[in-house]
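>>> Here is my input; please provide its structure:
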Amino acid sequence: MYVAVKGGERAILNSYRLVDAYRRGDPSVPELTLAQIREQMPLAVSRVMAEGSLYDPHLAALALKQAAGDQIEAVFLLRAYRTTLARFGYTAPLDTGAMRLRRRISSTFKDVPGGQVLGPTYDYTQRLLDFSLEAEGAAQAGIATGDADATEQVQPMPRVTDLLLADDLVEAEPIPPGDPAPTDLTREPLTFPASRAARLQNLARADEGFLLSMGYSTQRGYGNSHPFAAEIRYGTAEVELFVEELGFAVTIGEIELTECQMINDFAGNADEAPCFTRGYGLVFGYNERKAMSMALVDRAMRAGELGEAADNPANDIEFMLYHSDNVEASGFVQHLKLPHYVDFQTNLELLRRLRAQRQAAGRDEDTPAAAPSACATERSEAERQCQPQEESVA
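So this is what the prediction gives:
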């Protein structure tokens with residue numbers, strides 16, 4: 001991140017107090033509690049946890065409150081706190097096939113084993129403002145909490161892609177030889193070529209808006225894809241940690257996840273028969289839009305390895321991974337608010353000198369041909385010096 005230039009201490013301290021007052025708003029209005037944010041704004045909490053790469057609804061709610069609802073600022077706060085936490089170990093791979101599902105749909109088959117489970121979704125709402133919500137404490141559509149919880153599906157449901165795999169209609173994804181540990185992007189810098197595991201890890205905490213835009217571009221002709229949502233799941237999965245002293249894994253908790261399996265046509269090549277190929281998305285909490293966008297982008301970035309044309313923005317792995325992080329993007333954009341007085345004065349002085357040289361050259365049009373050439377050379381050198389200098393980074 002760019003290092004902030006230290007300003008007047010009194011002005012900075014005053015800005016702290018002003019932002020506190022702005023965040024609090026009218027003191028006559030009851031203050032939001034963390035429980036209210038966590039329970040009544042679950043989608044915002046889910047996004048902050050996913051992009052902050054830390055599963056903790058309470059801390060995500062705290063970050064949202066501190067950031068006055070600015071989700072990217074809340075992500076920044078959560079990531080900064082995350083760096084202070086000790087690492088005890090790595091959990092076993094999650095078994096999303098054993099999730100206790102609250103929602104599970106497929107747009108590829110009408111009838112799937114286990115059935116379609118609509119669960120909580122805005123898909124069928126009319127997107128009309130519900131003014132009944134203005135009444136504090138009003139019952140929400142007459143559904144009690146117990147009734148909503150009863151819709152959770154406990155029995156495991158087979159994945160739709162497994163059904164296609166049984167007929168050899170979708171690409172297999174075997175565990176690589178030796179089952180290498182995936183890159184940990186929270187501890188290691190991103191390097192290229194990046195493995196698919198590293199790419200998925202990057203996308204899992206990437207900015208939702210960026211992924212949505214790039215995923216949309218692949219559907220509008222900038223990705224040569226025609227995707228189908230084979231399956232979207234939302235539910236709870238157990239987290240297990242292998243304990244060396246015990247010799248087996250133990251369950252240490254549960255987390256909410258959203259998983260998306262996209263399938264795309266693949267015409268095949270000299271080595272492989274035509275089949276469906278996959279794009280994959282998995283995020284913390286309930287966020288189908290992010291999981292679907294992630295799956296679309298994952299498949300787009302695989303174009304080169306599948307022998308397809310890779311000349312669209314979403315196919316460019318380095319472009320996608322370097323520009324998907326909202327904390328880095330926010331830092332680079334917002335550093336423009338910091339003082340750049342010296343740089344600007346240098347450019348301003350050079351611009352004045354260039355304009356003076358241009359005016360002098362216009363007055364000397366009748367001089368021998370060699371004179372304009374010398375002036376042009378000097379101007380070219382001055383223009384080269386006028387290029388913006390890179391800011392120092394820490």
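>>> okay, CA-based contacts and neighbour counts for the rest of this
Will do.
>>> Helices along the stretch 1-150 of the chain, start to end?
When secondary structure is read from DSSP state H, counting those that start in this stretch, the stretch 1-150 of the chain shows helices at 9-24, 34-40, 42-52, 57-66, 71-82, 145-149.
>>> what's the longest strand in the protein?
Taking DSSP state E as the assignment, the strand of the chain that covers the most residues is strand 248-266.
>>> how far is that one from where the chain is centred?
A distance of 17 Å separates the centroid of the chain from that of strand 248-266, by Cα atoms, centre = their mean, to the nearest Å.
>>> Okay, buried residues for stretch 344-354 please.
For stretch 344-354, burial by neighbour count (16 or more other Cα atoms under 10 Å) applies to 347, 350, 354.
>>> what's whichever strand or helix holds the second one packed up against?
Yep, that's residue 350 we're talking about. Residue 350 is part of helix 341-363, with elements assigned from DSSP states H and E. For helix 341-363, the contact count by 3 or more Cα pairs under 8 Å, 6 or more residues apart in numbering; DSSP states H and E identifies helix 370-385 as packing neighbours.
>>> and the helix it packs on, what's its mean pLDDT?
Per-residue confidence for helix 370-385 averages out to 48 on the pLDDT scale.
>>> what does stretch 129-141 give?
Confidence over stretch 129-141, taken as the mean pLDDT, stands at 72.
>>> and if you look at stretch 170-187?
Averaged over stretch 170-187, pLDDT sits at 82.
>>> And stretch 276-283, by the same measure?
Mean per-residue pLDDT for stretch 276-283: 92.
>>> Stretch 26-39 spans what distance, first to last residue?
The straight-line separation of the ends of stretch 26-39 (Cα to Cα, to the nearest Å) is 23 Å.
>>> excluding its backbone neighbours, what's nearest residue 198?
Sequence neighbours aside, residue 183 is the residue nearest to residue 198 in space, at 5.6 Å (criterion: Cα to Cα, 6 or more residues apart in numbering).
>>> sec struct for the one you found, please.
When the structure is split into helix, strand and coil by DSSP: H, G, I helix; E, B strand; the rest coil, residue 183 lands in coil.
>>> Count the neighbours of it for me.
18 (other Cα atoms under 10 Å).
>>> Could you do residue 186 as well?
The local packing count at residue 186 equals 13, with neighbours defined by other Cα under 10 Å.
>>> Same check on residue 253?
Per other Cα under 10 Å, the neighbour tally for residue 253 reads 10.
>>> Correct me if wrong: residue 240 contacts residue 91.
Yes - taking Cα atoms under 8 Å as the contact criterion, residue 240 and residue 91 are neighbours in contact, 5.6 Å apart.
>>> coming back round to it: okay, the buried residues of stretch 344-354 in TSV with distance to residue 41 and pLDDT next?
As requested, these are exported to TSV (distance: Cα to Cα, whole Å; pLDDT from 0 to 100):
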residue	distance to residue 41	pLDDT
347	47	91
350	52	92
354	56	92
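>>> Using a markdown table, lay out the residues you listed together with distance to residue 76.
Conversion of the buried residues of stretch 344-354 to a markdown table gives the following (distance: Cα to Cα, whole Å):
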| residue | distance to residue 76 |
| --- | --- |
| 347 | 33 |
| 350 | 38 |
| 354 | 42 |
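>>> Name the nearest residue to residue 46, ignoring sequence neighbours.
Ranked by Cα to Cα, 6+ apart and with sequence neighbours excluded, the top spatial neighbour of residue 46 is residue 285, at 4.5 Å.
>>> Apologies, that question was intended for residue 233.
On the basis of Cα to Cα, 6+ apart, the spatially nearest residue to residue 233 that is not a chain neighbour turns out to be residue 104, at 4.5 Å.
>>> For the one you found, list each beta-bridge partner.
Judged by DSSP bridges, the bridge partners of residue 104 are residue 117, residue 233.
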